[in-house]
Structures are given as C-alpha cells and as structure tokens.
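# pasting the structure only:
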Ligand code: F6P
C-alpha cells in the first residue's frame, strides 16, 4: 500500500436500511467541523440522477440480471473515479456510500483505491421492528410513488433479499469496523494499516449525537384536570390550544418526523404540528408510553393516598426505585426508554430536527439520558405543559434549554 497520511478512502458496507447513509453523513458533518474535507459519493443518488428509466423494481437488483449488474457497476465505477479525483485534489476523506456487500465489489474498490489507505465500515442491524419502520420511511422516495404502500414494502424487501444473496461479511479486508448501527457499538475492529483520522472517526461512530431535539409534553388532558394518572384521555380545550400554539411556534422550522407514544394525548398534540409542516409524519412508539401505574391507573394522587396509603408512602420514600404493583417504576422504564431513543435517532436518519411528544415521567427519563442527573432526582425533573426542552448533544456542543411558546390566539 502506498499510504498518503492526509487522505483516506472510506467504503460503507451493509444491506439497505442498515443506517449506512446516516453514519456517513454523521461522519462528514463532524469531520467538516474539524476542517477535514470530506465528501460522500452515494451510488443510489447517482443512479436516480443518471438513469431515466425506472430502477426501483426488485429485478433490477437480481444478481442474475446482467443488464442490472452492468448498470450498477457503471454507477459504482463513476463514483469511485469521482472520489479518487476528489482525493487527488482538495479532499481529505472520500466516503463511498453504497451497499458494497459482495467481495467482488469490494475487490474492485481495493484495486482502484490503491493509492490511498482504505477503511471499510460495515453497518449491521437485525432488529426486525426497526427495519420494518425504517423501510416504511424509505418508501417515501419518489421512485416508489407509483406503488401502493404494501407493494412498495414488498418490492424493497425483495431488493434486500437480492443483496443478501451475494453478501459476504467483512473478514479479510485489511482495515474494517463492524458496527451495530442501532446501538453505536463496535462489534469487530481490524485495523492493520496506519489510517489518518481514525481515532476521531472511531469516536464519532460510537457517540450518540443529536443536533436538535425538541422534547415536548402533551397538552392538558381531562385526567390532568382531575390530577388522575395514566389512562388514555383526550386533550381539553386548553390542551388543544397548547398544541396549536406549538404548531405555530414550529411552523417555520422543518420537522420531518414527530415521535409520540401510542396514547391519544400525545398524538392529539402532534397532529396540529404535523398539519402546519410541509412533509411530516407521526411515528407512535410504544417505548414512549407513560409509566404504567398498575393498580393505581386512573386514580388521583389524593385517592391513592387515601385508599392505598402504603403505596403512597413507599413511593414517596424512594420514587425512582418504587415499582407500582402490576405496573412500572422509573427504574424499570429505563430499558424501554433507551430503546425508544435509539429507535427515534435511527429512524430520523439525517434529519437535523427531531421532535418527541411524550409524557411527564417519560420526558424525565429522556432528559436524563442526555443530561446527567442523580437517579433519585430524575422523578422530580420539571416537565411543564406550556414549555418544551430544546436539546443539542453533539461532540462539540451540549445545550438544554427550557423554552416557552406563546399561547395560541385565534386572531
Ligand atoms: O399526571 C400525569 C402523569 O403523566 C401520569 O400519567 C403519570 O403517572 C405521572 O404523571 C408521572 O409523574 P410522577 O412520577 O411524578 O407521579
């Protein structure tokens, strides 16, 4: 290998919908901040730009379809050549963003990139539920618009199967990282050559990064009025007007996706926000459902104190660790909340703005995921209904700002 210390080729590897493009743009964004000139060469985008004919149908990806293979190879070659040119000129890092799942394709990259050190990053994620949700987000692409939702999903899955049939996992390549892209966890790491910028790249790969997270609590509900916990009640008039106020506040920002719980009150809060956006979808995640208060569901705190005094007293004594009989405690919510956050970050891909509409206990747990709080203080974090938290958690910036939004007035 003829290594040039200032230049690096990165080739992504993995089946479709495994988070490759998200990881590639996360790398690019962070490297650019360090003045390391980085560019992404994405085969899918180039294919859609160059080819007039429809290339979204599954047979195009059949390894037995010679014409499809030839066209895809052509696209790959154009991108490799463009990436090389970029490195020959001003670029420091060129990222080849494509599936690159077969040894054949990778050997081609190895041969053509031989002037520069080369790192493969393989993205894995076998969580069926998240893949399903991720595929649903992919089929929004214009190339699937002529199909019904079911046919588009079916078509995309067939495409994945074709790629799977030629998939060789990384093994003999000189430099590679295998990443669990849902959990930002390195599963295997082989680095045999000196690679420029690798220490930084490795760090970015394992760090959760959130550019703008708007964490909102649902508007006022009928249960809130009576101080009742849990349940699935609707928003009151005031709650609906809080949701409208949020919608107006955010209308000039781009919110491509709003994550809610399964509960009526969070979805009713998200709806008006979605309405005032150009392209926005609501994704309910059960991981963000409010704490299950078991035998106390739908009771008011006063009723619990009166009818179940021992529950009331024990919870007061150690609110974080107390688990409602037949329900949950903050301590037992931890795992599902962490999973919900991972899911939301994964599904929002490269979106700069992410919104979560959650509940009081849920939002406390989400906040404490990004901002350290002693466990015993988490169940008391202030989560109002007329303000929201703006969170930024990147490698070079941390921000936790409680912001007020103006009440909605019809005039
Ligand atoms: O009262 C609203 C609510 O979201 C309930 O559904 C939930 O049980 C409670 O807040 C959580 O807050 P705490 O842990 O302080 O009781």
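Arrived safely. Just so it is clear, the model here is predicted, and its values are computed rather than measured. Residues are numbered from 1 along each chain as shown.
# residues making contact with the helix or strand that contains residue 246?
Taking DSSP states H and E as the criterion, residue 246 maps to helix 237-250. Residues outside helix 237-250 that contact it (Cβ atoms under 8 Å, 6 or more residues apart in numbering): 214, 216, 218-221, 224, 235, 265, 268-273, 275-277, 355, 385-386, 388, 405-408. Quick note: C-beta positions are derived from backbone N, CA and C, even for glycine.
# 7 Å - rerun?
Identification of contacts with helix 237-250 by Cβ atoms under 7 Å, 6 or more residues apart in numbering yields 216, 219-221, 235, 268-269, 272-273, 275-276, 385-386, 405-408.
# From those residues, which land in strands?
In strands, judged by DSSP state E, the following of the contacts of helix 237-250 are found: residue 216.
# Show me which of the contacts of helix 237-250 are buried.
216, 219-221, 235, 268-269, 272-273, 276, 385, 405, 408 (16 or more other Cβ atoms under 10 Å).
# before we move on, the earlier item: ok, the helix holding residue 246 near the ligand or not?
No. Judged by Cβ under 6 Å from any ligand atom, helix 237-250 and the ligand are separated, with a smallest distance of 12.2 Å.
# in that helix, what's buried?
Of the residues in helix 237-250, 238-250 count as buried by neighbour count, 16+ other Cβ under 10 Å.
# again, but for stretch 196-213
So, applying 16+ other Cβ under 10 Å, buried residues of stretch 196-213: 196-198, 201-202, 204-205, 209-213.
# circling back: ok, of the buried residues of helix 237-250, which one's closest to the ligand?
For the buried residues of helix 237-250, the closest approach to the ligand (Cβ to the nearest ligand atom) belongs to residue 239, at 12.2 Å.
# After the helix or strand bottoming out on mean pLDDT in the chain, heading C-terminal, what element do we hit next?
In the chain, the helix or strand scored least confidently by mean pLDDT, DSSP states H and E is helix 128-138, which has a mean of 87. For helix 128-138, the succeeding helix or strand toward the C-terminus, using DSSP H and E, is helix 149-165.
# where in this structure is pLDDT low?
Along the chain, the model assigns pLDDT under 70 to residues 1-5, 410-411.
# Could you give the separation of the least confident helix or strand of the chain from the chain centroid?
11 Å (Cα atoms, centre = their mean, to the nearest Å).
# swap in stretch 173-191?
Worked out by Cα atoms, centre = their mean, stretch 173-191 lies 19 Å from the chain centre.
# Need the contact partners of it.
Taking Cβ under 7 Å, 6+ apart as the rule, stretch 173-191 contacts 18-19, 23, 106, 118-125, 127, 130, 170, 192-193, 195, 198, 205-208, 342, 346.
# what about that stretch, how long is it end to end?
This stretch, stretch 173-191, spans 9 Å end to end (Cα to Cα, to the nearest Å).
# One more: stretch 373-391?
This stretch, stretch 373-391, spans 15 Å end to end (Cα to Cα).
# And the contacts of that stretch?
With Cβ under 7 Å, 6+ apart as the test, stretch 373-391 has contacts from 210, 212-217, 219-220, 242, 319-320, 330, 360, 363-365, 367-368, 370, 399-405.
# got the buried residues for it?
378-379, 381, 383, 385, 388-389, 391.
# Out of the residues you listed, flag the one nearest to the ligand.
For the buried residues of stretch 373-391, the closest approach to the ligand (Cβ to the nearest ligand atom) belongs to residue 379, at 5.0 Å.
# Checking the nearest residue to the closest one once chain neighbours are set aside next. Helix, strand or coil?
Leaving aside its chain neighbours, residue 379 sits nearest to residue 319 (4.1 Å; criterion: Cβ to Cβ, 6 or more residues apart in numbering). Secondary structure state of residue 319, per DSSP: H, G, I helix; E, B strand; the rest coil, is coil.
# Before I go, just wanted to say thanks for your time.
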